[in-house]
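**Student:** Below is the structure, and that's it, no one-letter string:
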């Protein structure tokens, strides 16, 4: 794990989201959960050595952020936005698998040592949040304050967690740093508003959903990438291209890699980003 401050640790070198831990005087708070079981169990062991786990906060509903919730069931409350329940434990239909089978497949291929700790499908606990909020929520744990903000854009359930004492914000997939942006569930206008809101927070560290820890410069790099997507599709439409022709002719695959362990998703990302951008430009969203 990478230590950002005296009390903040994150893991950015595994497949999936960047799961993090904030240590307080009264125990730890996890933010998202690792998609690799071995890393998840290592992080839990590390936290338990310092005290109890008090809360788990999910920044969004996508599987790479909530897969490990099972291992916190009955130990601590899970917190998330009230919209999480709508798409929790679901994957895109294009994957042609159940969520459980999809997860097992990832563990087999990328974290085989963790397979022995994967519960059966009937024993897997889909541990949805027990504490939800709609707009804002403040959580006090020991000497730390967790300011939770509704931050729609990447999905309609994303949140940002600002810990002022650590000058750190955990933003989930609001930010993709140095890797491909997924637009498959995006709400474009809301995402730009959320990025503007994030720019107003007084922080030194931003823990993105994917890629290395960054500062506020990543906000504007993400904006540029988004504008490039919409601009390229708008140019295609101006040439008279259909959606299918835009999908065929537009790609940013050479711009940067997909995050760790997801190279096989590059074609899916390019196709669905173009389709979402097309619908947005054509005012069909």
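**Tutor:** Structure's in. What do you need? The model shown is predicted, which means the values in this text are computed figures rather than measured ones.
**Student:** and residue 236, what does it touch?
**Tutor:** Residue 236 is in contact with 245-246, 249-250, counting by Cβ atoms under 8 Å, 6 or more residues apart in numbering. For glycine as for every other residue, the C-beta is placed from the backbone atoms N, C-alpha and C.
**Student:** try 6 Å this time
**Tutor:** 246, 250 (Cβ atoms under 6 Å, 6 or more residues apart in numbering).
**Student:** hang on, it in a helix?
**Tutor:** Yes - assigned with DSSP: H, G, I helix; E, B strand; the rest coil, residue 236 falls within a helix.
**Student:** Just the pLDDT at it, thanks.
**Tutor:** In this model, residue 236 is scored at 97, pLDDT.
**Student:** That one and residue 192: what is the separation?
**Tutor:** Per Cβ to Cβ, to the nearest Å, residue 236 is found 21 Å from residue 192.
**Student:** Quick check: which ranges of this protein have low pLDDT?
**Tutor:** 285 (pLDDT under 70).
**Student:** what's the domain layout of it?
**Tutor:** What automatic domain parsing lists as the domains of the chain is 2-216, 223-281.
**Student:** and the first one, how far from the chain's centre?
**Tutor:** Averaging C-alpha coordinates over domain 2-216 and over its chain gives two centres that are 6 Å apart (Cα atoms, centre = their mean, to the nearest Å).
**Student:** Likewise for the shortest one?
**Tutor:** For domain 223-281, the separation from the chain centroid amounts to 20 Å (computed by Cα atoms, centre = their mean).
**Student:** Quick check: end-to-end length of it?
**Tutor:** With Cα to Cα, to the nearest Å applied, domain 223-281 spans 16 Å between its terminal residues.
**Student:** still on that earlier bit, ranking the domains of the chain by burial, who's on top?
**Tutor:** Among the domains of the chain, ranked by average contacts under mean count of other Cβ atoms under 10 Å, first place goes to domain 2-216 (a mean of 19).
**Student:** Am I right that residue 101 sits in a helix?
**Tutor:** Yes - under three-state DSSP, residue 101 falls within a helix.
**Student:** any idea how far residue 87 is from the nearest residue to residue 269 once chain neighbours are set aside?
**Tutor:** Leaving aside its sequence neighbours, residue 269 sits nearest to residue 180 (Cβ to Cβ, 6 or more residues apart in numbering; 5.2 Å). Computed with Cβ to Cβ, the distance linking residue 180 and residue 87 is 21 Å.
**Student:** Ok, residue 171 next?
**Tutor:** Where residue 87 is concerned, residue 171 sits at a distance of 19 Å (Cβ to Cβ).
**Student:** can you check residue 179 too?
**Tutor:** 22 Å.
**Student:** Neighbouring strands - and their directions - for the longest strand out of those in the chain?
**Tutor:** In the chain, with assignment by DSSP state E, the single longest strand is strand 168-176. Next to strand 168-176 in the sheet, as set by DSSP bridges, lie strand 159-163 (antiparallel), strand 205-210 (parallel).
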